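**Q** Attaching a predicted model along with its sequence, questions to come.
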Amino acid sequence: KDFFWTLEMLQWGMASALGTIFSLVVAAVVESGQGLCGVGRQDFAWIMWVCSNVSWMLCELAYNGDLRARWTAAGFNIISVLLMSSSYAQVRDRAMLNNDSCDE
């Protein structure tokens, strides 16, 4: 996504962002082994982060720096940080489910 953003290729950047979100959901489904029920708060944090990036990309490439697009990106970013900062238990549980250690 960032590669296309740098080249100012909005359509390809948007397509890459959708692909990234799809990949995040598929990875969560496979990693948790619980289907869509396994998509957790930490996964939504990453999705919100991508949405923040998309909003900023739209701000720069489609809306010529419109302030509303910047505030939208900031909102997605804040939601992402709040979700991630409150997701340690879910990350730990998924790591334990996969026999990984969170202490490494």
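**A** Perfect, I can see it now. Quick caveat: nothing in here was measured; it's all calculated off a predicted structure.
**Q** So in the protein, which helix runs the longest?
**A** helix 10-32 (DSSP state H).
**Q** buried sites along that one?
**A** Within helix 10-32, the residues that count as buried by 16 or more other C-beta atoms under 10 Å are 13-14, 16-17, 20-21, 24-25, 28-29, 31-32. Every C-beta, even on glycine, is put in place using the N, C-alpha and C of the backbone.
**Q** And those residues, which is closest to V39?
**A** A28 (4.5 Å; C-beta to C-beta).
**Q** so that closest one makes contact with G35?
**A** No: counting by C-beta atoms under 8 Å, A28 does not reach G35; the two are 9.8 Å apart.
**Q** Next, the residues that contact the strand or helix carrying I78 from outside, please.
**A** Assigned by DSSP states H and E, I78 belongs to helix 67-85. The contact list for helix 67-85, computed with C-beta atoms under 8 Å, 6 or more residues apart in numbering, reads 41-42, 44-46, 48-49, 51-53, 55-56, 58-59, 62-63.
**Q** And the next helix or strand after it, what does it pack against?
**A** Per DSSP H and E, the first helix or strand lying C-terminal to helix 67-85 is helix 88-97. For helix 88-97, the packing partners by 3 or more C-beta pairs under 8 Å, 6 or more residues apart in numbering; DSSP states H and E come out as helix 10-32, helix 41-61.
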